[in-house]
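J.: How does the following fold in three dimensions:
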Amino acid sequence: MGIKANQIRKGMILVFDGELFQVTDFEHRKPGKGQAFNQVRCKHHRTGTKKVMKLSSDEEVDQAYLERKACTFSYMEGANPVFMDSENFEQYSLEPNLSADAMPFIRDNQAVDITFYEGNPIAVELPGSVVLKVVEAEIAARGDTVTNDKKRAVCDTGLEIRVPNYIESGECVKISTETGDFIARASEDDLA
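T.: A predicted model of the protein is given here:
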């Protein structure tokens, strides 16, 4: 699907030379001399290689047609996570380089969205935050509750985070998937 260069926005997935690139920055520039242009910065979705392009406003680029499916994390097959489609129970295996950043936030049987391009899974879409169980937490020193110091904790997925001193092993916590930071204490009911 072709779009004009002035319709490009941050986060879009574009196709160049048959490869997928995610737009990381977009800027309309009007130099003192010459024609105005659109400067597009993007990165290759698989390798992370960065690319900078100068496009005129009326130039057309191809936007990738992406499909999202609701899936559930099933198991690990070596280093590849396997997800099951919630509708037809078909299983999809993702390469580690496409899913490595997301896996520390995903528990067994957790529902996530998988993005597909031309029938192939290309990315795991996480919600803004997830609830995980703390399985290991440092012991806070008595009297440290006055300061805003945080201690190290390990969640049931293996994710290491910094939590306030009042969080103990066995408790549930809400964590930002963008930053990996502690948001709030959560209840066992939020795990489902």
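
J.: Would you quantify the distance from the residue of the chain most remote from its centre to residue 79?
T.: Distance from the C-alpha centroid of the chain, by Cα atoms, centre = their mean, peaks at residue 33 (40.2 Å). Using Cβ to Cβ, to the nearest Å, we find residue 33 at a distance of 52 Å from residue 79. All C-beta atoms are positioned from the backbone trio N, CA, C, and that covers glycine.

J.: cool, and residue 58?
T.: 45 Å.

J.: between the two, which one's more packed in?
T.: residue 79 (11 against 8; other Cβ atoms under 10 Å).

J.: OK, contacts around that one?
T.: residue 96 (Cβ atoms under 8 Å, 6 or more residues apart in numbering).

J.: CA-only coordinates of the least confident helix or strand in the chain by mean pLDDT, as CSV, when you get a sec.
T.: In the chain, the helix or strand scored least confidently by mean pLDDT, DSSP states H and E is helix 96-99, which has a mean of 79. Extracted C-alpha coordinates of helix 96-99, given in CSV (Å, rounded to 0.1, in the frame of the first residue of the first chain):
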residue,chain,number,x,y,z
PRO,A,96,15.0,-15.2,19.2
ASN,A,97,16.1,-11.9,17.7
LEU,A,98,12.5,-10.9,17.1
SER,A,99,11.2,-11.9,20.5
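
J.: Show me how far it is from its chain's centre.
T.: Chain-centre distance of helix 96-99: 11 Å, with Cα atoms, centre = their mean, to the nearest Å.

J.: What residues of it count as buried?
T.: Within helix 96-99, the residues that count as buried by 16 or more other Cβ atoms under 10 Å are 98-99.

J.: Residues touching that helix, excluding its own?
T.: Outside helix 96-99, the residues touching it (Cβ under 8 Å, 6+ apart) are 45-47, 79-81, 121-124.

J.: Hmm, residue 91 is touching residue 74, no?
T.: Yes: using Cβ atoms under 8 Å, residue 91 is in contact with residue 74, at 6.7 Å.

J.: the more surrounded of those two?
T.: residue 74 (15 against 12).

J.: Does anything pack onto the helix or strand encompassing the more buried one? Which helices or strands?
T.: With secondary structure defined by DSSP states H and E, residue 74 is part of strand 66-77. Secondary-structure packing of strand 66-77 (3 or more Cβ pairs under 8 Å, 6 or more residues apart in numbering; DSSP states H and E): strand 80-85, strand 91-93, strand 111-117.

J.: Show me how the chain divides into domains.
T.: Using automatic domain parsing, the domain parsing of the chain gives 2-63, 66-125, 129-191.

J.: Quick one: closest of the helices and strands packed on strand 66-77 to residue 62.
T.: Residue 62 lies closest to strand 111-117 among the helices and strands packed on strand 66-77, at 11.9 Å (Cβ to Cβ).
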